[in-house]
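J.: What follows is a predicted structure for the sequence shown.
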Amino acid sequence: MDAVHTVSPKSDTSSTSFSLNRWLDNSTPSVLLFPALLLVLAFSIFPLIVSVYLALSRINVAASPIDIQYIGLKNFEKQLFGSEQRHFLGRFGEVGPVGYLLLGVCLITLIYFLVSYIRSPRFRLMGVLFRLITITLLMFFAWQFVVAFSGNGLPGTLVVTLIFVFGGVTLQYLIGLGLGLLLTQELAGRRFFRVAFLLPMMVTPVGVGFLFRMLADTVQGPIAPLWASLGFGNISWASDPNLVRLIIILSDTWQWTPFMFIILLAALEGVSREIMEAALVDGAARWQLFRNIILPEVIPVSTTLILIRMIEAFKLIDLPNSLVGGGPGTASESLTLEAYKSFRVPDLGTSSAIAYLLLFVVTFFALVFVTHIRRRLLERI
C-alpha cells in the first residue's frame, strides 16, 4: 500500500503534464489562426454588416451628432421604381418589330436550353427552378438592352456597365488569344514583343484615361492631323454617347489585353508540339488544328480567365471618370461610378444600395457563367 501511495503523485503529475501538452497541441492552430480571423472580421465581415445597415438607412452627416434613420428597402426602391429609376435603369423607349424579334430569339434560345436540361439525365426539380429564375433574369437584362436602344430610349448605368463588361472582355479575349497564337510561331523578334505587349498593363487606369482623352481629341490632340486627314476633324466625340462608350471600351481593352495575352500564351505553349506536328503530317488544316487540338487545351484556362476579368470589369470606374466624368450626361457612367458620386454627395445610404445591386448583378452573371457556360464547355472537350 505504501508503494502505491508513493507512485500515485508521480502518476497524477505526469497525467496532468500530458493533458496540458495535448491541450497546447490542439489549441496551437486556433491561436495561430486567431490574428488572421481578427483581420478578416475587421476588414471584411464588419464593413459588410455596416454597409448592409447603411443601405437600409437614411444618413444626415451634416447633423451633430450624425442622424441615422432606418428606412428599410426605400433606397433600393428609389433605384428600381422611384426617382432614380431613369438614372439606374434608363429611359424606356418604344420597342419596334426588331426589338420584339430579338427578345423572341433570346426567349426561344433559353427555352431550348431548359428543355434540353429537362430531357437530360441530370434533370432535377431544383435545377429546373434555378433555370427558370435564370431565364427570367436574363430576359429582364435583354429587355433592358432593347428598351434602352429603341426609339427615344436611353441606357441607364446598369446597361452601360453591361456594355463595358461584355464588350471589353470579348475584345480583350479575342485580341489576347490572337496575339498568343501569333507569338507561338517562329517569328523574328517575338521575345521583344512579349515584353512590349505587357507595357499597357503597367500604366495606371487614370493615366490610360488621360492618354486616350488626348488621342481622341480631334482638334488639339497629338494625332489631330491624322483625324483631319481621315475626315474626322470636326467630330466632337465627347458629346456622342456611342463614341464615348466605344473609346472607354477601347482604352480598357488596350490596358487589359496584356493580362489575357500573357496567361493565354502560357496555356498555348503548354499544348503538345508532337500532337500538333502529327496532325499536320496527317493532313489536318490550320482551322482543324485550332478547333480540335489547341482550343480544347485552352478552354479550361480561358473560362477561369474570363471569369476573373469579367468580375474585375464590373468595377470599372477610373476610365469613365477620367475621360468624361461619366458623360455626356450619364451616357458612360458605370454602376461603380454612380455609387462613388453618391458617396461624395454624401448619400451613404444610396451609395451602399447601388453597391449591393452591383453585387447582385456580378454574382448572378458569375453563377450563370460557372454553372452553365463553363460546365458546357468543359463537358464538350
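T.: Received it, and whenever you're ready, just let me know what you need.
J.: Tell me if I'm right that Val61 and Pro346 touch.
T.: Yes - counting by CB atoms under 8 Å, Val61 touches Pro346, with 5.6 Å between them. For every residue, glycine as well, the C-beta is placed using N, CA and C.
J.: what's in contact with stretch 305-317?
T.: Contacts with stretch 305-317, where a contact means CB atoms under 8 Å, 6 or more residues apart in numbering, come from 161, 164-165, 168-169, 172-173, 248, 252, 256, 259-260, 263-264, 334-337, 340, 358, 361-362, 365-366, 369-370, 374.
J.: if you set the cut-off to 7 Å instead, what comes out?
T.: Identification of contacts with stretch 305-317 by CB atoms under 7 Å, 6 or more residues apart in numbering yields 161, 164-165, 168-169, 172-173, 252, 256, 259-260, 263, 334, 336-337, 340, 358, 362, 365-366, 369-370.
J.: In helices only, show me the residues you listed.
T.: Secondary structure defined by DSSP state H assigns 161, 164-165, 168-169, 172-173, 252, 256, 259-260, 263, 336-337, 340, 358, 362, 365-366 of those to helices.
J.: Drop anything exposed from these.
T.: 161, 164-165, 168-169, 172-173, 252, 256, 259-260, 263, 336-337, 340, 358, 362, 365 (16 or more other CB atoms under 10 Å).
J.: show me what contacts Leu203?
T.: You called it Leu, but residue 203 is Val. Gln255.
J.: Give me the distance between it and Asp318.
T.: 11 Å (CB to CB, to the nearest Å).
J.: do Lys78 as well
T.: Relative to Asp318, Lys78 is positioned 27 Å away (CB to CB).
J.: Also Cys106?
T.: The gap separating Cys106 from Asp318 is 32 Å, by CB to CB.
J.: And Glu269, by the same measure?
T.: The gap separating Glu269 from Asp318 is 32 Å, by CB to CB.
J.: Who has more neighbours out of those two?
T.: Asp318 (20 against 11; other CB atoms under 10 Å).
J.: Show me where the stretch 1-150 of the chain dips below the pLDDT cut-off.
T.: Low-confidence segments of the stretch 1-150 of the chain (pLDDT under 70): 1-21, 23-31.
J.: try 90
T.: The stretch 1-150 of the chain contains residues with pLDDT under 90 at 1-54, 58-70, 72, 82-86, 90-91, 93-96, 113, 116-117, 120-128, 149-150.
J.: Show me where it has its strands.
T.: 57-60, 67-70, 90-91 (DSSP state E, counting those that start in this stretch).
J.: how about TSV for the ones you listed, with distance to Leu187 added?
T.: Listed next are these as TSV, based on distance: least, CB to CB, whole Å:
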stretch	distance to Leu187
strand 57-60	59
strand 67-70	62
strand 90-91	46
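J.: Mean neighbour count, those strands: which tops it?
T.: Compared across those, strand 90-91 shows the largest average neighbour count, a mean of 19 (mean count of other CB atoms under 10 Å).
J.: Which elements pack onto it?
T.: The contact analysis (3 or more CB pairs under 7 Å, 6 or more residues apart in numbering; DSSP states H and E) places strand 90-91 against strand 154-155.
J.: can you list contacts of the strand it packs on?
T.: Contacts of strand 154-155 (CB under 7 Å, 6+ apart): 90-91, 148-149.
J.: what pairs with it, and is each one parallel or antiparallel?
T.: strand 90-91 (antiparallel) (DSSP bridges).
J.: can you list contacts of the strand it pairs with?
T.: 148, 153-156, 159.
J.: What is the lowest-pLDDT residue among those?
T.: The lowest pLDDT within those belongs to Gly153, with 84.
J.: so that one makes contact with Val95?
T.: No - at 8.7 Å, Gly153 does not count as touching Val95 under the criterion of CB atoms under 7 Å.
J.: Which residues are in contact with each of these two?
T.: Residues touching both Gly153 and Val95 (CB under 7 Å, 6+ apart) are Val147.
J.: that older thread, the contacts of strand 90-91 into CSV, with extra columns for distance to Gly233?
T.: Formatted as CSV, the contacts of strand 90-91 follow (distance: CB to CB, whole Å):
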residue, distance to Gly233
Ala148, 31
Gly153, 31
Leu154, 28
Pro155, 28
Gly156, 33
Val159, 31
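J.: From the centroid of this structure, which residue is nearest?
T.: What sits nearest the mean C-alpha location of the chain, by CA atoms, centre = their mean, is Ile311, with 1.9 Å.
J.: before we move on, back to that, pick out whichever of Gly153 and Val95 has more residues nearby.
T.: Set side by side, Gly153 and Val95 show more neighbours around Gly153, with 20 against 17, by other CB under 10 Å.
J.: residues touching Trp227, list them.
T.: 218, 233.
J.: What does the pLDDT read for it?
T.: The model's pLDDT for Trp227 equals 82.
J.: in the helix or strand where it lies, what counts as buried?
T.: Under the criterion of DSSP states H and E, Trp227 resides in helix 224-229. Residues of helix 224-229 classed as buried: 224, 227 (neighbour count, 16+ other CB under 10 Å).
J.: got it, and stretch 282-292?
T.: Under the neighbour-count criterion of 16+ other CB under 10 Å, stretch 282-292 has 284, 289 buried.
J.: returning to what we had before: between the strands of the stretch 1-150 of the chain, which gets nearest to Gly231?
T.: strand 90-91 (31.8 Å; CB to CB).
J.: chain center to the closest one, what's the gap?
T.: Mean C-alpha position of strand 90-91 versus that of the full chain (CA atoms, centre = their mean, to the nearest Å) differs by 23 Å.
J.: and if you look at stretch 108-116?
T.: Worked out by CA atoms, centre = their mean, stretch 108-116 lies 26 Å from the chain centre.
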